[in-house]
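Engineer: Structure for the following, please:
(2 chains)
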Amino acid sequence: MITKQKGTYDIYGEEAKKRAYVDEILDSLCEKYNYGYIETPVFEASELFHRGVGEATDMVQKETYDFKDRGDRMLTLRPEGTAGVVRWFIENKLYGNMSEPVKVYYNAKMYRYERPQSGRNREFTQWGFECFGSDDVMSDAEVISLAYNAYRLLGLDNIVVRINSLGDDESRNRYRDALLDYLKPRINDLCEDCQKRLEKNPLRILDCKVDADSDIIKNAPKTIDYLNDTSKERFDKLKDLLDLMDINYEVDVNLVRGLDYYNHIVFEIVLNDSYALGGGGRYNGLVETLGGPNIPGVGFAMGYDRTLLAMEEEGVHIPINDSIDIYLLYVSSSEKDTAAYLAQDLRLNGFVCETDMMSKSLKAQFKSVDRYNAKYFIVLNDEDLKDNMVTIKDNKTKEEEKVNINDLVDYLDMHM
RNA sequence: GCGAAGUUGGUGAAGUGGUUAACACGCCGGAUUGUGGCUCCGGUAUGCGUGGGUUCGAUUCCCACACUUCGCCCCA
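Structural biologist: Prediction:
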């Protein structure tokens, strides 16, 4: 038997309906914020991610799906959404007219070669959005607001936005040096992973789970203390705006994010004070890094699958229609034609209609009525049909009524 | 890449080194039924993840691998 690949999954049935529900909420919310939907290719030149996400990151070094196509091109299945969108932005020269910011959102499959576990797969979905062209703190606030409200509208109330600022390049570099100076003499007291991180990505030592409670981490220099005046002002202004918008946030001075391209504000949306459901931040250097002009950007990505999981764990009610409007039964095969015709007629008039296609006995057809959870059913029989009549029965109240076949749509319109 | 647990039918599962692998749900057929939903009767596994090994004999013991689930790294 050929089975699905590790870390992939089929989406169908109730799961598919839940996702359709979530998608609808997210789509309509993006519309309110005037973000346009974008789809970029699943695979891109490998270099896009190496340069965009960061050559040194684990994501690029050991988690990408890389392959050569038949033309010897080095390609990579996208491990995240931002790089592709930035490529699109540059390639189509959208920077040519920056009289308004360019705002897009995506809802797409991503691929990372990882060990699957709860809320994490090799093929997974991210919903995310990017805003290009504004370096105003207003755009930071808008992005956070959009992300925050998405979770709220999905029924996740117990969320908080954790924010921090890495500052501009100058601040960030000053901080990095200070952190290294501080950590180097003390590194042997930290865990093995942290010792490795010192070289690769020292900022991440700050949110190490093992050493979280150690004094070394607690007393480490904070990014905030190394912000220059403009960066600091900007961070304060953002907090004012979030207060104004009544967004539940807290400053987390140890929040750094995994990808190289972030600067200034970074944030995560956290559920129940522990479980991160999405994250984002500003990436003012990224467009330039990828070959475009110096255009600022800010964005966010939601871990779609884990958000759905969280909704289930939080007991969020997701409305799912698991019933049909009407089931057509027939006593003998002579009424089949009528069933075929009538089913089409009802469907075209907007009703969810089913009939038997398995040559079932009448008894078995009745079972189908209940399996499909039909609101109404009709047993077609030649006797009634002779007079162009049909007996429709409400499957809940069990009341039945004889209706002219031509009045059936009107009857259903009135009763449903 | 590292660690833990698991892998029996459409589903939930019980079970044993040796003739026909419990039980339940579901599904199919039949009886009864005024056109069903209750009840009753009958049927329903390419044989126990894959490949090796031990054995007279393995689904049951051993090894490897795969997959699933959970955790670490990483990410979100």
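
Engineer: ok, now how distant is A:E114 from A:R120?
Structural biologist: Per C-beta to C-beta, to the nearest Å, A:E114 is found 6 Å from A:R120. Every residue, glycine included, has its C-beta placed from N, CA and C.

Engineer: tell me which parts of the stretch 301-416 of chain A are close to RNA strand B?
Structural biologist: A:301-303, A:306, A:331, A:360-364, A:366-367, A:369-371, A:379, A:381, A:384, A:391, A:393, A:395, A:398 (C-beta under 7 Å from any atom of the strand).

Engineer: Put the buried members of the residues you listed into a PyMOL selection.
Structural biologist: Buried members of those, defined by 16 or more other C-beta atoms under 10 Å, are picked up in PyMOL with:
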select buried, chain A and resi 301+302+303+306+369+379+381+384+393+395
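
Engineer: among the residues of the stretch 301-416 of chain A next to RNA strand B, which are in helices?
Structural biologist: Applying DSSP state H to these, the entries found in helices are A:R306, A:L362, A:K363, A:A364, A:F366, A:K367, A:V369, A:D370, A:R371, A:D384.

Engineer: Give me the common contacts of A:E114 and A:R120.
Structural biologist: Both A:E114 and A:R120 lack any common contact, where contact means C-beta atoms under 8 Å, 6 or more residues apart in numbering.

Engineer: returning to what we had before: turn the ones in helices among the residues of the stretch 301-416 of chain A next to RNA strand B into a markdown table, including pLDDT.
Structural biologist: Shown next, in a markdown table, are those (pLDDT from 0 to 100):
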| residue | pLDDT |
| --- | --- |
| A:R306 | 92 |
| A:L362 | 90 |
| A:K363 | 89 |
| A:A364 | 89 |
| A:F366 | 91 |
| A:K367 | 90 |
| A:V369 | 92 |
| A:D370 | 89 |
| A:R371 | 89 |
| A:D384 | 89 |
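
Engineer: Let me know the closest of those to A:E313.
Structural biologist: Of all these, A:R306 has the smallest distance to A:E313: 10.0 Å, by C-beta to C-beta.

Engineer: doesn't A:L277 make contact with the closest one?
Structural biologist: Yes - here A:R306 reaches A:L277: they are 6.1 Å apart, a contact under C-beta atoms under 8 Å.

Engineer: tell me what the helix or strand where A:L277 lies is packed against?
Structural biologist: Per DSSP states H and E: A:L277 is located in strand A:275-282. Counting by 3 or more C-beta pairs under 8 Å, 6 or more residues apart in numbering; DSSP states H and E, the packing neighbours recorded for strand A:275-282 are helix A:137-153, strand A:263-271, strand A:297-303, helix A:304-313.

Engineer: So which of the ones you listed has the densest surroundings on average?
Structural biologist: Burial of these is given as mean neighbour count (mean count of other C-beta atoms under 10 Å); strand A:297-303 ranks first at a mean of 25.

Engineer: quick revisit: Serialize the helices and strands packed on strand A:275-282 to CSV and add fields for distance to A:L408.
Structural biologist: Supplementary listing: the helices and strands packed on strand A:275-282 in CSV, determined by distance: least, C-beta to C-beta, whole Å:
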stretch, distance to A:L408
helix A:137-153, 38
strand A:263-271, 48
strand A:297-303, 45
helix A:304-313, 39
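
Engineer: Select, out of those, the one closest to A:K209.
Structural biologist: Smallest distance to A:K209 across those (C-beta to C-beta): 14.3 Å, for strand A:263-271.

Engineer: Just the C-alphas of that closest one, formatted as CSV.
Structural biologist: Extracted C-alpha coordinates of strand A:263-271, given in CSV (Å, rounded to 0.1, in the frame of the first residue of the first chain):
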residue,chain,number,x,y,z
ASN,A,263,14.7,44.5,13.0
HIS,A,264,12.8,47.0,15.2
ILE,A,265,9.6,45.6,16.4
VAL,A,266,9.1,41.8,16.8
PHE,A,267,6.1,40.2,18.2
GLU,A,268,4.4,36.9,18.9
ILE,A,269,0.8,36.0,19.7
VAL,A,270,0.7,33.7,22.7
LEU,A,271,-2.3,31.7,23.9
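
Engineer: Report the contact partners of whichever residue of the stretch 301-416 of chain A sits closest to RNA strand B.
Structural biologist: Residue nearest to RNA strand B within the stretch 301-416 of chain A (C-beta to the nearest atom of the strand): A:G303, separated by 2.3 Å. Applying C-beta under 8 Å, 6+ apart, we find A:G303 in contact with A:G119, A:F124, A:Q126, A:A276, A:L277, A:G278.
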